[in-house]
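S.K.: Structure of the sequence below:
(4 chains)
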Number of protein chains: 2
Amino acid sequence: MDGKIVNLKSKIEIYKAMTDGANFADCPVRDVMQGMNGKWSPLLVTALAEKPYRFGELRRLVPDISQRMLTQTLHELQRDGYVHREVFPTKPPSVEYSLTDLGRSMFVPLYQLVQWAELNHDAVREARAAFDAAQA
Amino acid sequence: MDGKIVNLKSKIEIYKAMTDGANFADCPVRDVMQGMNGKWSPLLVTALAEKPYRFGELRRLVPDISQRMLTQTLHELQRDGYVHREVFPTKPPSVEYSLTDLGRSMFVPLYQLVQWAELNHDAVREARAAFDAAQA
DNA sequence: CCGTATCCGTCATGATACTG
DNA sequence: CAGTATCATGACGGATACGG
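M.R.: A predicted model of the protein is given here:
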């Protein structure tokens, strides 16, 4: 299915990484994962990976996001250090959003996952159809 | 920050992949992405990437998941074709969950993302602290 | 143009109790 | 052991209106 093999040791290591922390509940890895997990975050990061965009441009680029969620998601991405926000004192003011180095770094594995989804969404949809058919 | 470079053309291509579909709202790529995006899905897939587990074993392995969410998340992962569920007719019955080929394939890029989170969660937490400090 | 504030409905999640 | 059913709640997300 895929040529790459992840050896057993790595798998155990990475599972442990998702369960470390003061207590199980606040594992830093899962905490950080949540920040790139929202409904709009992956899409906006992917858009900004191409080039910087202004607020209104993003709004037009992603027509089915509400202004509220665009503001909020960009704010969260900025807080996590993935996105840089720069205000230009024009009249009326314009605001440009761009990926930081950290954001570009995070986009590398995110990109891999999106690419997997693009290549395999047919298989997933078929699996869903088969599963739903078996229920009936 | 990271040696790997994703060229511009690929970025544009992959953004388009996230916006294709009959209409913008039901893009198959984002649809599939949602299925691996939940609060518990990445953790369970990572656990099962190590080896198959029974229901009760997963429950003990992930102490802060409720029985309801464990059932539901495994059900969704099974429906999407990532997880295989096998019932053994013992008394009382035992049920084993394991990754399918599709699930193992999906774990490859997921693993990359988790690994990134492990390596960079300090940077993210520092970014959050700096952002929150700047607010005050 | 770029937000913020408010209201409100829906969905995700958890606690608890019960079953084959 | 491996679930299902039911209920409660808080987070998420959209629509609308207003402000700098």
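S.K.: all helices for chain A, in order.
M.R.: With DSSP state H as the criterion, chain A has helices at A:8-17, A:28-35, A:41-50, A:55-61, A:67-79, A:101-135.
S.K.: just these: most buried one?
M.R.: Mean neighbours per residue, mean count of other Cβ atoms under 10 Å in any protein chain shown, is largest over the helices of chain A for helix A:41-50, with a mean of 23. In this view, the C-beta of every residue, glycine as well, is placed from N, C-alpha and C.
S.K.: tilt between that one and helix A:28-35?
M.R.: Calculated by axes from the mean of the first three to the mean of the last three Cα atoms, to 10 degrees, helix A:41-50 forms an angle of 80 degrees with helix A:28-35.
S.K.: And the spatially most central residue of chain A, how far from A:Glu50?
M.R.: Geometric centre of chain A, nearest residue: A:Pro42, 2.8 Å, by Cα atoms, centre = their mean. As for A:Pro42, its distance to A:Glu50 is 14 Å (criterion: Cβ to Cβ, to the nearest Å).
S.K.: How about A:Tyr97?
M.R.: From A:Tyr97 over to A:Glu50 the distance is 12 Å, taken as Cβ to Cβ.
S.K.: A:Pro63 now?
M.R.: Using Cβ to Cβ, one obtains 17 Å as the distance from A:Pro63 to A:Glu50.
S.K.: same question, A:Leu113
M.R.: Going from A:Leu113 to A:Glu50 by Cβ to Cβ gives 17 Å.
S.K.: ok, the residue of chain A found nearest DNA strand D - contacts?
M.R.: Residue nearest to DNA strand D within chain A: A:Lys39 (3.3 Å; Cβ to the nearest atom of the strand). Counting by Cβ atoms under 8 Å, 6 or more residues apart in numbering or on different chains, A:Lys39 touches A:69, B:34.
S.K.: Next: A:Phe131.
M.R.: A:Phe131 is in contact with B:78-79, B:81, counting by Cβ under 8 Å, 6+ apart.
S.K.: how about a cut-off of 10 Å?
M.R.: Residues counted as contacts of A:Phe131 (Cβ atoms under 10 Å, 6 or more residues apart in numbering or on different chains) are B:75-76, B:78-81.
S.K.: With A:Gly81 instead?
M.R.: A:Gly81 sits next to A:35, A:100-103, A:106, B:120, B:123-128, B:130-131 when contact means Cβ under 10 Å, 6+ apart.
S.K.: Which one of the helices of chain A lies nearest to B:Arg54?
M.R.: Closest to B:Arg54 of those is helix A:8-17 (Cβ to Cβ; 16.3 Å).
S.K.: anything in that closest one near chain B?
M.R.: Yes. Helix A:8-17 comes into contact with chain B (Cβ under 10 Å from any Cβ of the partner chain), by way of A:8-17.
S.K.: Which members of those additionally contact DNA strand D?
M.R.: Among the residues of helix A:8-17 next to chain B, none lies close to DNA strand D by the criterion of Cβ under 7 Å from any atom of the strand.
S.K.: export the residues you listed to TSV and tack on pLDDT?
M.R.: Shown next, in TSV, are the residues of helix A:8-17 next to chain B (pLDDT from 0 to 100):
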residue	pLDDT
A:Leu8	51
A:Lys9	56
A:Ser10	70
A:Lys11	70
A:Ile12	74
A:Glu13	80
A:Ile14	83
A:Tyr15	85
A:Lys16	86
A:Ala17	86
